[in-house]
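Enquirer: Need coordinates for the following:
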Amino acid sequence: MHDLAGFRIDDLPLWASWLLVAVAILLIGKGAQQIVEAAARIAKRLRISELIVGLTLVASATSLPELGVTLVAAFERYPDISVGNVVGSNIFNLGFILGGIAVLRPIPTTRMLIRRDGSALILSTLLLLVLVASDLRLDRVDGAVLLAGLGLYLAVVVAIGRVQWLEPALALAVSSRKTRRNGDDLLAALRALGELSVGIVLLAVGSHLLVNSAIPIARSFGVSDWVIAVTVVAAGTSVPELATSLVGVLRGRYDISVGNVIGSDLFNLLGVLGIAGVLQPQAVDPGARASLIALTAMVVLVAIFARTGWKLSRTEGLVLVLFGLARWVLDFAPPGAT
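Expert: Sure thing, here's the model as predicted:
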């Protein structure tokens with residue numbers, strides 16, 4: 001399983017495994033960016049509405065790394081990395097990214113975002129907790145239920161006809177490379193399809209590399225695959241969310257941070273794990289219960305903070321960051337220490 005390009009990753013020194021993790025994260029980030037930009041150009045030429053483009057591209061785009069890693073890990077029989085990557089990524093998004101941005105500057109929130117999208121995130125997290133923590137399995141029925149939940153959420157969003165957090169995020173996602181009309185639509189479409197294919201390849205290769213490089217690192221620390229998945233792997237796959245939030249800060253669009261994180265977390269829970277469950281049923285580590293409870297607590301905490309004055313203050317952001325740090329410390333602590 002660890003054979004890649006003629007050598008075994010298991011036989012490499014530890015520093016080389018960390019180097020491969022860094023390379024994998026770069027490949028995943030570049031692949032995801034390439035997919036979004038190419039798909040956005042294709043959608044524009046097909047005159048697809050901005051609402052649909054936002055739902056299918058922006059919201060799912062920041063979840064592409066999680067999807068790639070989760071599917072690769074599932075099919076290579078590493079269920080703890082498959083599920084742990086998503087759970088850990090959501091914790092990282094809420095604690096380190098959203099909390100960290102709020103520490104830099106208070107983030108204004110809106111009633112629509114919190115009442116609709118925030119409530120959907122709370123319900124989705126509770127749903128996953130019930131489905132997985134009860135029997136420590138993610139099977140096809142669980143996956144179908146999660147995908148049905150995603151379908152219901154999207155139906156509500158489309159019915160309302162407004163996606164507050166997607167509109168500015170879409171602008172940020174595609175603004176780095178404007179669509180240029182060169183008079184040859186066929187050639188432009190073929191070029192976009194080629195870039196889309198390259199992005200998919202980069203994402204697949206990076207995901208495979210990240211999964212296989214994480215295993216030796218977990219063994220060197222003497223921790224389970226679940227622990228390395230909810231920490232190191234999760235942080236790596238959260239690069240797009242971090243990039244989008246940082247771009248929002250640099251451009252003075254702090255509202256994007258909340259929407260980007262909530263939207264990505266929703267797609268991770270319902271879409272990524274839903275697809276993984278349907279395609280490859282799997283058992284998960286008992287440590288999943290504690291991580292899912294921590295994630296549920298963090299989601300509720302974010303919702304409460306966001307409603308107090310309809311903003312996330314610096315103090316509240318610091319609490320979220322410390323919550324995320326505490327979760328990492330507890331994950332890496334020896335069994336007897338906790």
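Enquirer: Helices of the stretch 1-150 of the chain, residue ranges please.
Expert: 14-45, 50-53, 59-61, 64-75, 79-92, 99-104, 111-112, 119-133, 140-160 (DSSP state H, counting those that start in this stretch).
Enquirer: now these in a markdown table, with mean neighbour count and mean pLDDT?
Expert: In this view, the C-beta of every residue, glycine as well, is placed from N, C-alpha and C. Formatted as a markdown table, the helices of the stretch 1-150 of the chain follow (neighbours: other CB atoms under 10 Å; pLDDT from 0 to 100):
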| stretch | mean neighbour count | mean pLDDT |
| --- | --- | --- |
| helix 14-45 | 19 | 79 |
| helix 50-53 | 16 | 50 |
| helix 59-61 | 23 | 63 |
| helix 64-75 | 26 | 89 |
| helix 79-92 | 29 | 94 |
| helix 99-104 | 22 | 90 |
| helix 111-112 | 12 | 80 |
| helix 119-133 | 19 | 94 |
| helix 140-160 | 16 | 89 |
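Enquirer: contacting residues around Ser213?
Expert: Residues in contact with Ser213, defined by CB atoms under 8 Å, 6 or more residues apart in numbering, are Ile9, Ser17, Trp18, Leu20, Val21, Ala24.
Enquirer: if you set the cut-off to 7 Å instead, what comes out?
Expert: Ile9, Ser17, Leu20, Val21, Ala24 (CB atoms under 7 Å, 6 or more residues apart in numbering).
Enquirer: that older thread, out of the helices of the stretch 1-150 of the chain, flag the one nearest Val329.
Expert: helix 79-92 (12.8 Å; CB to CB).
Enquirer: tell me the angle the closest one makes with helix 119-133.
Expert: Taking axes from the mean of the first three to the mean of the last three CA atoms, to 10 degrees, one finds that helix 79-92 is oriented at 150 degrees with respect to helix 119-133.
Enquirer: Now do helix 79-92: everything it contacts.
Expert: 66, 69-70, 73-74, 138, 211, 214, 224-226, 229-231, 233-235, 237-238, 265, 268-269, 272-273, 276, 282-285, 288, 291-292, 294-295, 298, 324, 327.
Enquirer: Kindly recompute the last result at 6 Å.
Expert: With CB atoms under 6 Å, 6 or more residues apart in numbering as the test, helix 79-92 has contacts from 66, 69-70, 73-74, 138, 211, 225-226, 229-230, 233-235, 237-238, 265, 268, 272-273, 276, 282-285, 291, 295, 327.
Enquirer: Mind giving me the ChimeraX command for buried ones among these?
Expert: A single ChimeraX command selects the buried members of the contacts of helix 79-92 (16 or more other CB atoms under 10 Å):
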select :66,69,70,73,74,138,211,225,226,229,230,233,234,235,237,238,265,268,272,273,276,282,284,285,291,295,327
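Enquirer: So which of the contacts of helix 79-92 sit within strands?
Expert: Leu138, Gln282, Ala283 (DSSP state E).
Enquirer: want to throw those residues into CSV with distance to Arg45 and pLDDT?
Expert: Formatted as CSV, the ones in strands among the contacts of helix 79-92 follow (distance: CB to CB, whole Å; pLDDT from 0 to 100):
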residue, distance to Arg45, pLDDT
Leu138, 38, 95
Gln282, 39, 92
Ala283, 44, 92
